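J.: pasting the structure only:
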């Protein structure tokens, strides 16, 4: 089901990135870069990620000249077990909290829920947030990096950072016009080092349903932007869409190939993690929309919603993608 | 912030319970009981929990004479890392999926989001689901039960089962009239075996804000029902509320003390887990409302939104509670 919105606007965002993101093409786009190390003065990587997420929310509130009571909800999730970066960051933010989880599609899930709240007149202003941290994700989902386990070419590199966006019913330059919630897919893949292949099927299903529901062609959008499929996942998605006679050859990009320069940085098949697509959207794409480069963008973050426990038990890996449509207000 | 709803109704629910729940006072109330063992014919406890959750959704759809395309969303979450019971169960259900996480408050979080969607005219019918499994939770959050680790008196017993509820804009006997989202609290407690104390502060804050926002007394409700505070958490909440001059002595119960008979069953200070409050609400309280025993019930499931990793790192434990108001339609 695709829901249309009449009254949901992007107010502003705050992005925080780290060492690898600073070395990438979007280096100058972030609101803040912590580039010394991956601890940011904290004792553990998990607490470091909490700090990034907390900062992105607090600084967005300051940047928009609001106070806590102006914000109806913070909707947030992240890759840490029990979405802990969000849970723990919210201890010190006196705003109602809705925890969500869609792996690397989390930012899209938050935007979808938030847009429904605002367009349904159930909220005026709310913040959608997410974060990821390379070291936390490697330890939790693969191996601690100290083990030096070799990587496959299809592996992606979890981005480190946090992003928060304020969406509102107050008129602005960019409008969220519709959202299509993902239906869980499973291509039967069990390889945790090939997330692009796992998630491409979910992106294909959601984009197909979005276009069908709205009776539009892919060419309606100046840009269709998946979250973190990487080089191989991107190719697989284009193939899937060709089979559906949907042409993505002209206006399709993947955030995982925008955040890093995969020819210069040693990041295998591209960037990943929930913050990857959130950083690219907030620090780059929305600004290009304001400048007039894109009028209509379909944001489709993808998530491999798997559990290491279930992988050890030989279950195949489910995936999901949510689509959110952004349009410049004319 | 408390949001009022005008047009959200409970359609029906489907509850599945297990061995311990069958031995408790609500034995005859569940739609289905799997009482042979905790595997339900599957190879692992994690897959067993997936099966329970899947069954509760599919059987609710059948029970309500609907088909998948009648349901706009399934909103679900559970205690497994990466909310895996929900993620994996949804592979085989062709309905858009929104993943949420609030530990044992998850069912309340889903009801809050779902009610906002329906009252805001963004959905017509949706299912809210949750599950928990004693063995999965013990292994993930404490110790594998095979270790035989001794338990404290303040420990609670994670319930095993799944519950799904259909909420709708079609008029029915019971209406969801308002919802208050939780603000994350932290009482500074680090003991994972004393969840009642961890969560009581969150219940207190949410109930206080709910009553203040609506300008009503606690006596407005025939029943105020927390999720899984257990014996000690219940006492702490009553103390907190006394300090706030809110009297809970007459109309307050905790689902953790309803699901099991704590005098006869060896469950320490009561039941817990996200399915505890969901089972009590759906299999018992809503039926009592239909029979006329209660006219107004405030459902306040509580969650300790902690991560074992952060506990090992000596962080104190955050908690949250969401309040959902149910009223019999006159």
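T.: Received the coordinates, thanks. Note that the coordinates shown come from a computational prediction; the quantities given were computed from them, not determined experimentally. Numbering: from 1, shown residues only, chains lettered A, B, ... in the order given.
J.: so residue A:260 touches residue A:157, yeah?
T.: Yes: counting by CB atoms under 8 Å, a contact exists between residue A:260 and residue A:157, whose distance comes to 6.9 Å. In this view, the C-beta of every residue, glycine as well, is placed from N, C-alpha and C.
J.: between the two, what contacts are shared?
T.: Shared contacts of residue A:260 and residue A:157, defined by CB atoms under 8 Å, 6 or more residues apart in numbering or on different chains, are found at A:20, A:267, A:270-271.
J.: tell me how many other residues crowd whichever residue of the stretch 101-250 of chain A sits closest to chain B.
T.: Distances from the stretch 101-250 of chain A to chain B, computed as CB to the nearest CB, single out residue A:120 as the nearest residue at 1.7 Å. By the criterion of other CB atoms under 10 Å in any protein chain shown, residue A:120 has 21 neighbours.
J.: residue B:122 is in contact with that one, correct?
T.: Yes: under the contact definition of CB under 8 Å, residue A:120 touches residue B:122, with a separation of 5.0 Å.
J.: circling back: how far away is the residue of the stretch 101-250 of chain A closest to chain B from residue B:214?
T.: Applying CB to CB, to the nearest Å, the value for residue A:120 to residue B:214 is 20 Å.
J.: kindly report the same for residue A:329.
T.: Residue A:329 is 36 Å from residue B:214, by CB to CB.
J.: compare the two (neighbour count), which wins?
T.: More neighbours surround residue B:214 than the other of residue A:329 and residue B:214, with 15 against 12 (other CB under 10 Å).
J.: how about the nearest residue to the more buried one once chain neighbours are set aside, what does it touch?
T.: In space, and not counting its chain neighbours, residue B:214 is closest to residue B:2: 5.9 Å by CB to CB, 6 or more residues apart in numbering or on different chains. Residue B:2 makes contact with B:178-180, B:209-210, B:213-214, B:323 under the criterion CB under 8 Å, 6+ apart.
J.: now with 7 Å, please.
T.: Residue B:2 makes contacts with B:178, B:180, B:209-210, B:213-214, as judged by CB atoms under 7 Å, 6 or more residues apart in numbering or on different chains.
J.: before we move on, what about residue A:304?
T.: Residue A:304 makes contact with A:103-104, A:195, A:198-199, A:317, A:319 under the criterion CB under 7 Å, 6+ apart.
J.: hmm, which of those are the buried ones?
T.: With neighbours counted using 16 or more other CB atoms under 10 Å in any protein chain shown, the contacts of residue A:304 contain these buried positions: A:103-104, A:195, A:198-199, A:317, A:319.
J.: would you point out the most distant pair within those residues?
T.: A:104 and A:317 (12.5 Å; CB to CB).
J.: sec struct for residue A:309, please.
T.: Going by DSSP: H, G, I helix; E, B strand; the rest coil, the secondary structure assigned to residue A:309 is helix.
J.: that one contacts residue B:47, correct?
T.: No: proximity of residue A:309 to residue B:47 does not meet the contact threshold set by CB atoms under 7 Å, at 10.2 Å.
J.: phi and psi next, for residue A:13.
T.: Main-chain dihedrals, residue A:13, degrees, to the nearest 10: phi -140, psi 160.
J.: list the contacts of it.
T.: Residues in contact with residue A:13, defined by CB under 7 Å, 6+ apart, are A:60, A:163-165, A:282, A:286.
J.: what does residue A:307 give?
T.: Contacts were defined as CB under 7 Å, 6+ apart; by that measure residue A:307 touches B:80-82, B:84.
J.: burial check on the closest residue to it other than its chain neighbours, number of neighbours?
T.: In space, not counting the residues next to it along the chain, residue A:307 is nearest to residue B:84; the distance is 3.8 Å by CB to CB, 6+ apart. The local packing of residue B:84 (other CB under 10 Å) involves 24 other residues.
J.: is residue B:84 in contact with residue A:311, as I believe?
T.: No: the criterion here is CB under 7 Å, and residue B:84 misses it with residue A:311 at 10.1 Å.
J.: a helix runs through residue A:50, doesn't it?
T.: Yes: according to three-state DSSP, the state of residue A:50 is that of a helix.
J.: my guess is it contacts residue A:85, does it?
T.: Yes: with contact defined as CB under 7 Å, residue A:50 reaches residue A:85; the gap is 5.0 Å.
J.: what's the spacing between residue A:49 and residue B:192?
T.: 21 Å.
J.: compare those two (neighbour count), which wins?
T.: Set side by side, residue A:49 and residue B:192 show unequal neighbour counts under other CB under 10 Å, the larger going to residue A:49 at 32 against 16.
J.: find the nearest non-adjacent residue to that one, please.
T.: Taking CB to CB, 6+ apart, and ignoring the residues beside it in sequence, residue A:49 has residue A:133 as its nearest neighbour in space, at 3.9 Å.
J.: so where's chain A uncertain?
T.: Low-confidence regions of chain A, defined by pLDDT under 70, are absent; no residue qualifies.
J.: again, only using 90
T.: Under the criterion of pLDDT under 90, the regions of chain A flagged as low confidence span A:1, A:35-36, A:142-151, A:330.
J.: and the helices in it?
T.: Per DSSP state H, chain A has helices spanning A:19-22, A:45-63, A:84-89, A:106-119, A:134-141, A:195-214, A:230-243, A:274-280, A:286-291, A:308-312. These are given in chain order.
J.: out of these, which one sits most buried?
T.: With neighbours defined by mean count of other CB atoms under 10 Å in any protein chain shown, none of the helices of chain A is more surrounded on average than helix A:274-280, at a mean of 34.
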